[in-house]
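> Have a look; sequence and predicted model below, questions after that.
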Amino acid sequence: MGLHRRTALGMLVATPIFGAGEVFARPVPAPSGQRLAEAARSQVGVTKSYDPSYRAIPYPNGDVLRSTGVCADVLIRAARDAWRADLQQLIHEDMTRDFDAYPSKRAWGLKGPDSNIDHRRVLNVETYLTRQRAQLAVAPPKAAGDRFDEPRPGDILTWRVWGGRPHIGVVSEGPEGVRVVHNIGWGAKEEPLWMFKLHTAVGHYRWRA
């Protein structure tokens, strides 16, 4: 067999051909952070209200109706949709191993983990992400809520809003013209980061489950 014929056969084996003259490349998966960003963005127009009421939900993969929820539910649902990562189970298991590492006892007077609510509380999510070494930086005291260092799609940001209330969102676009998906009371919204400037920046996380 001549050199040219061997080369031609090798090209035929290496290249998938689906019909005469049609060659299709395999799709390249979106980066992990981009998948989380897209999963968060997909909640806009679906989650239309905010409801912080305590609910008994299944475990694992439990959820309230997607038409409502709290700010942490944006991240919880995005992680499940993008990565099949269940923060309800991950946080519950970590709290079971080391309950005292979490603020549930001092903040809410709990005596042990509660899989219905623990993962839906921002303070617990911050603790879990920090324990997973996902924290990129600690914001300076009273830093403006738009002062994060180059947030990228899929990054997780936390704030203290009115009266020191914890809040969380997922970066959907960045590092220029940064936008965030969050639910602060009117359902899942995608808004520019500068709208948070009157709040206080707290945590910047890059978690890849």
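Happy to help now that I have it.

> hey, where'd the helices end up in the protein?
For the chain, helices defined by DSSP state H occupy the ranges 3-14, 32-41, 71-83, 87-97, 104-108, 122-131.

> Please identify which of those is closest to S172.
Closest approach to S172 among these is made by helix 32-41 (4.6 Å; Cβ to Cβ). For the C-beta atoms, the positions are set from N, CA and C on the backbone; glycine is no exception.

> What residues sit buried inside that closest one?
For helix 32-41, a neighbour-count test (16 or more other Cβ atoms under 10 Å) marks 32-41 as buried.

> With mean pLDDT and distance to V64 added, can I get the helices of the chain in JSON lines?
Shown next, in JSON lines, are those (pLDDT from 0 to 100; distance: least, Cβ to Cβ, whole Å):
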{"stretch": "helix 3-14", "mean pLDDT": "42", "distance to V64": "50"}
{"stretch": "helix 32-41", "mean pLDDT": "98", "distance to V64": "17"}
{"stretch": "helix 71-83", "mean pLDDT": "98", "distance to V64": "7"}
{"stretch": "helix 87-97", "mean pLDDT": "98", "distance to V64": "12"}
{"stretch": "helix 104-108", "mean pLDDT": "91", "distance to V64": "19"}
{"stretch": "helix 122-131", "mean pLDDT": "98", "distance to V64": "16"}
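
> Could you export those helices as a markdown table, including distance to G187?
As requested, the helices of the chain are exported to a markdown table (distance: least, Cβ to Cβ, whole Å):
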| stretch | distance to G187 |
| --- | --- |
| helix 3-14 | 49 |
| helix 32-41 | 13 |
| helix 71-83 | 10 |
| helix 87-97 | 20 |
| helix 104-108 | 25 |
| helix 122-131 | 17 |
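
> now for these, which one comes closest to L198?
Of all the helices of the chain, helix 71-83 sits nearest to L198, with 16.8 Å by Cβ to Cβ.

> Pull the distance from that closest one to the chain's centre.
5 Å (Cα atoms, centre = their mean, to the nearest Å).

> which residues sit in contact with P31?
By Cβ atoms under 8 Å, 6 or more residues apart in numbering, the contact set of P31 is 153-154.

> go on, H119?
Residues in contact with H119 (Cβ under 8 Å, 6+ apart) are 72, 76, 87-88, 90-92, 125.
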